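K.L.:
got a predicted structure plus its sequence, pasted below:
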Amino acid sequence: MSNTVNDKMIAAIGKINVDLVFGGLKRLPDTGEELYSESFDVLLGGGAPASLYAAASLGASVRYVGYLGKSFFAPFIKKELADKGIPFENVYTGKGSGINVTCVMPVGGERSFVTYSDESVADEDRVYEALKGASVVIAEYGKYLSVYRRLKSEGAVVAGDFGFDENMNINSYAETLKLLDYYFPNEKEACLMTGKSNAREALDELAKYVPHPVVTLASEGAMFIENGEKVTLPPPKGDCIDATGAGDAFMGGFLYALAEGKKLSEC
(Lines give C-alpha, C1' and ligand atoms only; values in the text may rest on other atoms or scores of the structure.)
Protein backbone atom coordinates (compact mmCIF):
# COMPACT_ATOMS: atom_id res chain seq x y z
CA MET A 1 0.00 0.00 0.00
CA SER A 2 1.32 3.46 -0.90
CA ASN A 3 2.06 6.14 1.69
CA THR A 4 0.19 8.62 -0.52
CA VAL A 5 -2.93 9.96 1.18
CA ASN A 6 -6.16 9.18 -0.68
CA ASP A 7 -8.22 12.38 -0.48
CA LYS A 8 -11.51 10.44 -0.58
CA MET A 9 -10.71 7.56 1.78
CA ILE A 10 -12.17 7.30 5.29
CA ALA A 11 -10.72 4.54 7.48
CA ALA A 12 -11.80 3.53 10.96
CA ILE A 13 -10.56 1.21 13.67
CA GLY A 14 -12.82 -0.08 16.40
CA LYS A 15 -14.59 -3.03 17.89
CA ILE A 16 -17.33 -4.97 16.13
CA ASN A 17 -20.65 -5.19 17.94
CA VAL A 18 -23.32 -7.83 17.38
CA ASP A 19 -26.74 -6.79 18.71
CA LEU A 20 -29.33 -9.37 19.75
CA VAL A 21 -32.53 -7.30 19.65
CA PHE A 22 -35.65 -8.45 21.53
CA GLY A 23 -38.51 -6.26 20.24
CA GLY A 24 -42.05 -5.66 21.42
CA LEU A 25 -41.44 -5.99 25.16
CA LYS A 26 -43.97 -4.20 27.35
CA ARG A 27 -41.52 -4.10 30.27
CA LEU A 28 -38.22 -5.57 31.41
CA PRO A 29 -38.30 -8.88 33.29
CA ASP A 30 -37.96 -8.93 37.05
CA THR A 31 -35.44 -11.21 38.77
CA GLY A 32 -36.31 -14.85 38.15
CA GLU A 33 -38.95 -13.97 35.55
CA GLU A 34 -39.11 -14.96 31.87
CA LEU A 35 -40.87 -12.75 29.29
CA TYR A 36 -41.44 -13.42 25.59
CA SER A 37 -40.66 -10.75 23.00
CA GLU A 38 -42.76 -10.13 19.89
CA SER A 39 -39.73 -10.06 17.61
CA PHE A 40 -36.07 -10.97 17.51
CA ASP A 41 -33.26 -9.89 15.22
CA VAL A 42 -29.49 -10.14 15.01
CA LEU A 43 -27.84 -6.97 13.75
CA LEU A 44 -24.36 -5.64 13.18
CA GLY A 45 -24.01 -3.02 15.92
CA GLY A 46 -22.96 0.62 15.87
CA GLY A 47 -19.67 2.40 16.26
CA ALA A 48 -17.04 2.44 13.53
CA PRO A 49 -18.86 0.16 11.03
CA ALA A 50 -22.05 2.26 11.29
CA SER A 51 -20.19 5.52 10.64
CA LEU A 52 -18.41 3.99 7.65
CA TYR A 53 -21.69 2.64 6.28
CA ALA A 54 -23.22 6.14 6.48
CA ALA A 55 -20.22 7.63 4.70
CA ALA A 56 -20.16 4.90 2.06
CA SER A 57 -23.88 5.34 1.35
CA LEU A 58 -23.08 8.95 0.41
CA GLY A 59 -20.29 7.90 -1.94
CA ALA A 60 -17.14 7.82 0.20
CA SER A 61 -14.44 5.19 -0.15
CA VAL A 62 -14.09 3.45 3.20
CA ARG A 63 -11.94 0.88 4.98
CA TYR A 64 -12.75 -0.80 8.28
CA VAL A 65 -10.00 -2.13 10.55
CA GLY A 66 -11.23 -4.32 13.37
CA TYR A 67 -10.87 -7.41 15.52
CA LEU A 68 -12.40 -10.75 14.58
CA GLY A 69 -11.35 -14.00 16.20
CA LYS A 70 -13.12 -17.33 16.31
CA SER A 71 -16.76 -17.21 17.35
CA PHE A 72 -20.24 -18.33 16.35
CA PHE A 73 -20.84 -14.84 14.93
CA ALA A 74 -17.73 -14.56 12.71
CA PRO A 75 -19.39 -15.74 9.45
CA PHE A 76 -22.38 -13.45 10.10
CA ILE A 77 -20.09 -10.45 10.65
CA LYS A 78 -18.10 -11.07 7.49
CA LYS A 79 -21.27 -11.40 5.42
CA GLU A 80 -22.85 -8.25 6.92
CA LEU A 81 -19.76 -6.16 6.20
CA ALA A 82 -19.54 -7.50 2.66
CA ASP A 83 -23.26 -6.90 2.02
CA LYS A 84 -22.87 -3.29 3.23
CA GLY A 85 -19.88 -2.77 0.95
CA ILE A 86 -17.42 -2.13 3.78
CA PRO A 87 -13.91 -3.50 3.06
CA PHE A 88 -12.63 -5.14 6.24
CA GLU A 89 -9.09 -5.75 7.43
CA ASN A 90 -8.76 -7.99 10.46
CA VAL A 91 -5.87 -7.09 12.80
CA TYR A 92 -6.86 -9.30 15.74
CA THR A 93 -4.02 -11.19 17.42
CA GLY A 94 -5.83 -12.60 20.47
CA LYS A 95 -7.32 -16.00 21.16
CA GLY A 96 -10.95 -15.01 21.83
CA SER A 97 -13.73 -13.59 19.69
CA GLY A 98 -12.47 -10.00 19.71
CA ILE A 99 -16.03 -8.62 19.56
CA ASN A 100 -18.85 -7.23 21.71
CA VAL A 101 -22.16 -9.08 21.96
CA THR A 102 -25.11 -7.04 23.25
CA CYS A 103 -28.63 -8.01 24.30
CA VAL A 104 -30.84 -5.05 23.35
CA MET A 105 -34.26 -4.69 24.99
CA PRO A 106 -36.31 -1.70 23.75
CA VAL A 107 -39.15 -0.70 26.11
CA GLY A 108 -41.29 2.43 25.91
CA GLY A 109 -38.98 4.35 23.62
CA GLU A 110 -35.89 3.58 25.70
CA ARG A 111 -33.40 0.74 25.36
CA SER A 112 -31.68 -1.43 27.97
CA PHE A 113 -28.49 -3.32 27.24
CA VAL A 114 -26.44 -6.20 28.56
CA THR A 115 -23.04 -6.55 26.87
CA TYR A 116 -20.21 -9.04 26.89
CA SER A 117 -16.95 -7.52 25.67
CA ASP A 118 -14.04 -9.71 24.64
CA GLU A 119 -10.43 -8.53 24.39
CA SER A 120 -9.38 -6.54 21.31
CA VAL A 121 -5.64 -6.65 20.69
CA ALA A 122 -3.46 -5.91 17.68
CA ASP A 123 0.13 -5.10 16.79
CA GLU A 124 0.71 -1.35 16.30
CA ASP A 125 2.72 -1.78 13.11
CA ARG A 126 -0.06 -3.87 11.66
CA VAL A 127 -2.63 -1.24 12.63
CA TYR A 128 -0.56 1.48 10.98
CA GLU A 129 -0.23 -0.52 7.76
CA ALA A 130 -4.00 -1.06 7.72
CA LEU A 131 -4.88 2.62 8.27
CA LYS A 132 -2.22 4.43 6.27
CA GLY A 133 -3.20 6.13 3.06
CA ALA A 134 -6.60 7.30 4.32
CA SER A 135 -7.26 11.04 4.40
CA VAL A 136 -9.57 10.71 7.42
CA VAL A 137 -9.06 8.20 10.25
CA ILE A 138 -11.64 7.45 12.96
CA ALA A 139 -9.64 6.66 16.08
CA GLU A 140 -10.29 4.15 18.85
CA TYR A 141 -10.05 5.56 22.36
CA GLY A 142 -6.98 4.80 24.46
CA LYS A 143 -5.10 2.82 21.82
CA TYR A 144 -2.47 3.31 19.12
CA LEU A 145 -1.60 6.91 19.99
CA SER A 146 1.78 6.61 18.26
CA VAL A 147 -0.01 5.34 15.15
CA TYR A 148 -2.33 8.37 15.06
CA ARG A 149 0.63 10.72 15.52
CA ARG A 150 2.38 9.08 12.59
CA LEU A 151 -0.71 9.24 10.38
CA LYS A 152 -1.22 12.93 11.23
CA SER A 153 2.39 13.67 10.31
CA GLU A 154 1.64 12.11 6.91
CA GLY A 155 -1.38 14.37 6.33
CA ALA A 156 -4.32 12.40 7.71
CA VAL A 157 -7.15 14.02 9.68
CA VAL A 158 -7.95 12.13 12.90
CA ALA A 159 -11.50 12.13 14.34
CA GLY A 160 -13.25 10.34 17.18
CA ASP A 161 -16.51 9.69 19.01
CA PHE A 162 -15.74 7.53 22.03
CA GLY A 163 -19.25 7.07 23.40
CA PHE A 164 -20.45 7.34 26.99
CA ASP A 165 -18.54 6.27 30.07
CA GLU A 166 -19.84 7.25 33.50
CA ASN A 167 -16.24 7.82 34.63
CA MET A 168 -15.18 9.93 31.67
CA ASN A 169 -13.28 13.13 32.52
CA ILE A 170 -11.13 15.58 30.63
CA ASN A 171 -7.91 14.60 32.41
CA SER A 172 -8.06 10.91 31.55
CA TYR A 173 -9.04 11.66 27.93
CA ALA A 174 -6.62 14.56 27.42
CA GLU A 175 -3.80 12.65 25.71
CA THR A 176 -6.14 11.12 23.14
CA LEU A 177 -8.17 14.31 22.62
CA LYS A 178 -5.01 16.28 21.78
CA LEU A 179 -4.39 13.94 18.85
CA LEU A 180 -7.84 14.57 17.36
CA ASP A 181 -8.75 17.18 14.79
CA TYR A 182 -12.50 16.56 15.29
CA TYR A 183 -14.38 15.17 18.30
CA PHE A 184 -18.11 14.34 18.27
CA PRO A 185 -19.59 13.91 21.78
CA ASN A 186 -23.27 14.35 22.48
CA GLU A 187 -24.31 16.99 24.99
CA LYS A 188 -24.44 14.57 27.93
CA GLU A 189 -20.97 13.20 27.19
CA ALA A 190 -19.49 16.68 26.65
CA CYS A 191 -20.86 18.01 29.95
CA LEU A 192 -19.80 14.94 31.92
CA MET A 193 -16.30 14.96 30.47
CA THR A 194 -15.70 18.66 31.11
CA GLY A 195 -17.66 19.04 34.34
CA LYS A 196 -19.71 21.83 32.77
CA SER A 197 -23.48 22.28 33.07
CA ASN A 198 -24.31 23.10 29.45
CA ALA A 199 -23.11 22.50 25.91
CA ARG A 200 -21.79 26.03 25.34
CA GLU A 201 -19.43 25.87 28.32
CA ALA A 202 -18.43 22.29 27.49
CA LEU A 203 -17.62 23.30 23.92
CA ASP A 204 -15.28 26.03 25.16
CA GLU A 205 -13.47 23.56 27.42
CA LEU A 206 -13.14 20.91 24.71
CA ALA A 207 -11.73 23.51 22.31
CA LYS A 208 -8.70 23.76 24.60
CA TYR A 209 -7.82 20.19 23.57
CA VAL A 210 -9.38 19.62 20.13
CA PRO A 211 -9.27 22.15 17.26
CA HIS A 212 -12.81 21.28 16.15
CA PRO A 213 -15.14 19.81 18.80
CA VAL A 214 -18.70 19.29 17.56
CA VAL A 215 -21.37 18.67 20.22
CA THR A 216 -24.54 16.97 19.00
CA LEU A 217 -27.77 18.16 20.62
CA ALA A 218 -30.35 15.52 19.63
CA SER A 219 -33.45 17.27 18.23
CA GLU A 220 -31.71 20.67 18.53
CA GLY A 221 -29.01 19.82 15.99
CA ALA A 222 -25.30 20.39 16.63
CA MET A 223 -23.06 23.10 18.11
CA PHE A 224 -19.53 23.95 17.02
CA ILE A 225 -17.11 26.85 16.76
CA GLU A 226 -16.47 28.45 13.38
CA ASN A 227 -14.33 31.55 12.87
CA GLY A 228 -14.24 32.05 16.64
CA GLU A 229 -18.04 32.06 17.01
CA LYS A 230 -20.31 29.38 18.46
CA VAL A 231 -22.78 28.15 15.86
CA THR A 232 -25.82 25.93 16.39
CA LEU A 233 -27.38 24.36 13.31
CA PRO A 234 -30.76 22.59 13.55
CA PRO A 235 -31.25 19.15 12.02
CA PRO A 236 -33.02 18.76 8.66
CA LYS A 237 -36.78 19.17 8.85
CA GLY A 238 -38.85 16.01 9.15
CA ASP A 239 -40.09 13.44 11.61
CA CYS A 240 -37.64 11.33 13.59
CA ILE A 241 -38.52 7.71 12.85
CA ASP A 242 -35.74 6.08 14.90
CA ALA A 243 -32.80 7.74 16.66
CA THR A 244 -30.81 4.49 16.97
CA GLY A 245 -27.28 5.08 15.71
CA ALA A 246 -27.87 8.79 15.14
CA GLY A 247 -24.44 9.78 16.44
CA ASP A 248 -22.68 7.21 14.25
CA ALA A 249 -24.63 8.35 11.19
CA PHE A 250 -23.91 12.01 11.98
CA MET A 251 -20.18 11.40 12.16
CA GLY A 252 -20.20 9.36 8.95
CA GLY A 253 -22.02 12.09 7.05
CA PHE A 254 -19.83 14.82 8.53
CA LEU A 255 -16.59 13.05 7.61
CA TYR A 256 -17.84 12.30 4.10
CA ALA A 257 -18.41 16.05 3.58
CA LEU A 258 -15.03 16.82 5.16
CA ALA A 259 -13.29 14.45 2.73
CA GLU A 260 -15.16 16.24 -0.07
CA GLY A 261 -13.57 19.53 1.02
CA LYS A 262 -16.66 21.14 2.58
CA LYS A 263 -16.36 23.83 5.24
CA LEU A 264 -17.31 23.05 8.84
CA SER A 265 -20.89 24.32 8.74
CA GLU A 266 -21.54 22.40 5.49
CA CYS A 267 -20.18 19.22 7.05
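P.N.:
Sure, I can see it. Numbering: from 1, shown residues only.
K.L.:
CA only for contacts and neighbour counts going forward, please
P.N.:
Will do.
K.L.:
and what about D239, helix, strand or coil?
P.N.:
Three-state call for D239 (DSSP: H, G, I helix; E, B strand; the rest coil): coil.
K.L.:
where do the helices sit along this protein?
P.N.:
48-58, 74-83, 124-131, 145-153, 170-177, 187-194, 199-206, 246-259 (DSSP state H).
K.L.:
what's the mean pLDDT across the longest one?
P.N.:
Just to be clear, that refers to helix 246-259. The average of the pLDDT scores along helix 246-259 is 93.
K.L.:
helices or strands next to that helix in the packing?
P.N.:
Using 3 or more C-alpha pairs under 8 Å, 6 or more residues apart in numbering; DSSP states H and E, the elements in contact with helix 246-259 are strand 6-13, helix 48-58, strand 134-138.
K.L.:
what's it in contact with?
P.N.:
7-10, 46-48, 50-55, 58-60, 135-136, 161, 184, 186, 216, 264, 266-267 (C-alpha atoms under 8 Å, 6 or more residues apart in numbering).
K.L.:
got a pLDDT number for V210?
P.N.:
At V210, pLDDT is 97.
K.L.:
same check, this time on V107
P.N.:
91.
K.L.:
do the one 10 residues further on as well
P.N.:
S117 is assigned a predicted lDDT (pLDDT) of 93.
K.L.:
ok, the one 4 residues further on next?
P.N.:
Predicted confidence (pLDDT) for V121: 90.
K.L.:
count of neighbours near R150?
P.N.:
14 (other C-alpha atoms under 10 Å).
K.L.:
okay, now G163: neighbour count?
P.N.:
Counted with other C-alpha under 10 Å, G163 comes out at 14.
K.L.:
isn't V104 up against L25?
P.N.:
No: counting by C-alpha atoms under 8 Å, V104 stays clear of L25, with 10.8 Å between them.
K.L.:
those two: which is more packed in?
P.N.:
Set V104 next to L25 and count neighbours by other C-alpha under 10 Å: V104 wins out with 20 against 16.
K.L.:
show me the contacts for the residue lying closest to K230 once chain neighbours are set aside.
P.N.:
Take K230 and drop its neighbours on the chain: the residue closest to it by C-alpha to C-alpha, 6 or more residues apart in numbering is F224, 5.7 Å away. By C-alpha under 8 Å, 6+ apart, the contact list for F224 reads L203, H212, P213, V214, V215, K230, V231, T232.
K.L.:
tell me which residue lies nearest the centroid of the chain.
P.N.:
G47 (3.6 Å; C-alpha atoms, centre = their mean).
K.L.:
roughly how far apart are that one and I138?
P.N.:
Distance from G47 to I138, counting by C-alpha to C-alpha, to the nearest Å: 10 Å.
K.L.:
that older thread, any idea how far the closest residue to the residue nearest to the centre of the chain other than its chain neighbours lies from E34?
P.N.:
Among residues not flanking G47 along the chain, D248 sits closest, at 6.0 Å (C-alpha to C-alpha, 6+ apart). In this view, D248 and E34 are 33 Å apart by C-alpha to C-alpha.
K.L.:
neighbour count for the two, which is higher?
P.N.:
Of the pair D248 and E34, D248 is the one with more neighbours under other C-alpha under 10 Å, namely 23 against 9.
K.L.:
packing partners for the lowest-mean-pLDDT helix or strand in the chain?
P.N.:
Every helix and strand of the chain was ranked by mean pLDDT, DSSP states H and E. The lowest is strand 6-13, at a mean of 84. Here strand 6-13 touches helix 48-58, strand 61-66, helix 124-131, strand 134-138, helix 246-259, going by 3+ C-alpha pairs under 8 Å, 6+ apart.
K.L.:
and for it, what are the contacting residues?
P.N.:
So strand 6-13 is contacted by 48-49, 52, 60-66, 131, 133-140, 255-256, 259-260 (C-alpha under 8 Å, 6+ apart).
K.L.:
buried among those residues? Make that a ChimeraX selection.
P.N.:
Per 16 or more other C-alpha atoms under 10 Å, the buried members of these correspond to this ChimeraX selection:
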select :48,49,52,60,61,62,63,64,65,66,131,133,134,135,136,137,138,139,140,255,256,259
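K.L.:
point out where the stretch 151-267 of the chain drops to low pLDDT.
P.N.:
The stretch 151-267 of the chain contains residues with pLDDT under 70 at 242.
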